[in-house]
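Trainee: generate coordinates for the sequence data below:
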Amino acid sequence: MARHASVSMQTVSNVINAPHRVRPETLARVQAAIKELNYRPNQASRTLRTRRSRLIGARIEPPRDGVNGAVLAHFLQSLTARTQEAGYRIVVFTATDDDHECTLYEQLLDDHDLDAFVLHATHAGDRRTEWLTERRVPFVTFGRPWGADPDAPEPHGWVDVNGAQGTLAATRHLIESGHQRIAFLGWPEGLEVGDDRRSGWSALMAVSGLDTPDGYDMGVPDGLDTGREAAAAMLDLPTPPTAIVCASDSLALGAWTEITARGLRPGIDVAVVGFDDSPTAGVVGLSSVAQPYDEAAAACLRMLQELLASPKPPAIPPTP
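Mentor: The predicted structure follows:
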């Protein structure tokens with residue numbers, strides 16, 4: 001393979017195991033040689049040499065209201081495709097909460113010797129990141145380390161979407177379309193992702209000098225029914241909003257349903273913008289802020305490859 005591509009054997013090894021270390025033109029030449037010669041690395045030999053199983057764990061969520069599960073599924077689909085191309089495999093599992101997930105980490109590490117994990121739905125005081133860090137298990141998160149000291153070094157590798165910029169862009173679009181009475185329908189305060197998305201709307205409304213009277217900022221549990229109920233309360237206000245920016249597509253679709261039930265035209269009489277660009281939103285024609293799942297998955301994989309580039313070190317048990 002090295003002779004065919006006119007490179008060193010170490011370069012071929014880097015292309016297969018750590019492509020981020022190889023110059024793009026060299027990477028393309030070696031990959032073309034791999035394809036031409038139909039080369040496939042012997043996984044058993046690689047495992048013996050590097051002590052890596054090339055298995056990565058990721059939690060999946062059960063379907064909820066036909067929207068939320070599909071959102072995470074999009075990211076995991078992209079992650080699975082990316083890791084498969086790089087010679088890894090995703091091992092999926094379900095968990096009821098953080099403690100249950102940590103228990104499953106231990107089982108998966110013992111039974112299958114997984115190399116790393118990709119986490120999502122991060123939050124302040126996240127027990128999962130603490131558990132993995134204590135044991136020196138490689139991982140990255142799709143979601144920032146909420147609550148971490150901003151002046152301290154990054155506690156771990158992470159990839160996230162700027163939710164504040166997303167809702168700010170949605171609000172700007174509505175203002176440029178002529179709306180001035182723009183409400184926000186989000187989650188209860190204290191949920192970090194929800195607070196982040198709310199901040200983009202509130203910041204632009206303040207800078208633009210637009211009023212946000214009582215009832216224009218509502219936080220409810222995520223869901224279609226709660227979204228519909230909150231939208232009903234907004235539309236019953238003495239001066240109802242002409243547009244609603246939502247923290248999720250579930251809430252936005254609930255609002256969409258209530259607007260339609262009143263004989264109003266979503267997007268015309270009352271504009272609604274969701275967040276996540278779910279398949280359901282696309283079916284009904286709901287405007288929604290799209291998350292770059294494929295780019296996020298690619299970034300997660302690059303970080304993992306950097307972490308896994310060296311042979312597997314011995315595990316460190318937690319301090320009693």
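
Trainee: show me where pLDDT drops low in the protein?
Mentor: 40-51, 63, 66, 311-320 (pLDDT under 70).

Trainee: that one: helices as residue ranges?
Mentor: Ranges of helices in the chain, per DSSP state H, are 2-5, 9-17, 24-37, 43-50, 68-85, 98-112, 127-134, 163-176, 192-207, 224-235, 249-261, 279-284, 293-307.

Trainee: what's the first one in contact with?
Mentor: It stands for helix 2-5. 8, 9, 11, 12, 29, 30, 32, 33, 36, 37 (Cβ atoms under 8 Å, 6 or more residues apart in numbering). Any C-beta I mention is one placed from the backbone N, CA and C, and that applies to glycine too.

Trainee: same deal with stretch 150-160?
Mentor: By Cβ under 8 Å, 6+ apart, stretch 150-160 touches 122, 129, 133, 139-145, 148, 296, 299-300, 303-304, 307.

Trainee: hey, which of the helices of the chain is tucked in deepest?
Mentor: The highest average neighbour count among those, using mean count of other Cβ atoms under 10 Å, belongs to helix 249-261 at a mean of 25.

Trainee: and that one, C-alpha only, in PDB?
Mentor: Below are the C-alpha coordinates for helix 249-261, written out as PDB (Å, rounded to 0.1, in the frame of the first residue of the first chain):
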ATOM      1  CA  ASP A 249     -40.100  22.000  17.300                       C
ATOM      2  CA  SER A 250     -42.300  20.200  19.800                       C
ATOM      3  CA  LEU A 251     -43.400  23.500  21.300                       C
ATOM      4  CA  ALA A 252     -43.700  25.200  17.900                       C
ATOM      5  CA  LEU A 253     -45.900  22.400  16.500                       C
ATOM      6  CA  GLY A 254     -48.100  22.700  19.500                       C
ATOM      7  CA  ALA A 255     -48.400  26.400  18.800                       C
ATOM      8  CA  TRP A 256     -49.000  25.700  15.100                       C
ATOM      9  CA  THR A 257     -51.900  23.400  16.100                       C
ATOM     10  CA  GLU A 258     -53.500  26.000  18.300                       C
ATOM     11  CA  ILE A 259     -53.200  28.700  15.700                       C
ATOM     12  CA  THR A 260     -54.800  26.500  13.100                       C
ATOM     13  CA  ALA A 261     -57.600  25.400  15.500                       C
END
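
Trainee: that one vs helix 68-85, what angle?
Mentor: If you take axes from the mean of the first three to the mean of the last three Cα atoms, to 10 degrees, helix 249-261 sits at 140 degrees to helix 68-85.

Trainee: make CSV from the helices of the chain and add distance to residue 57 to it.
Mentor: Listed next are the helices of the chain as CSV, based on distance: least, Cβ to Cβ, whole Å:
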stretch, distance to residue 57
helix 2-5, 33
helix 9-17, 20
helix 24-37, 27
helix 43-50, 16
helix 68-85, 11
helix 98-112, 5
helix 127-134, 10
helix 163-176, 26
helix 192-207, 22
helix 224-235, 31
helix 249-261, 27
helix 279-284, 26
helix 293-307, 11
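
Trainee: thinking again about what came up before, for residue 179, state which of the contacts of helix 2-5 is nearest.
Mentor: Lowest distance from residue 179 to the contacts of helix 2-5 (Cβ to Cβ) belongs to residue 32, with 52.0 Å.

Trainee: measure the closest residue to the closest one other than its chain neighbours to residue 275 for me?
Mentor: Nearest in space to residue 32, with sequence neighbours left out and distances taken as Cβ to Cβ, 6 or more residues apart in numbering, is residue 5 at 7.7 Å. Going from residue 5 to residue 275 by Cβ to Cβ, to the nearest Å gives 45 Å.
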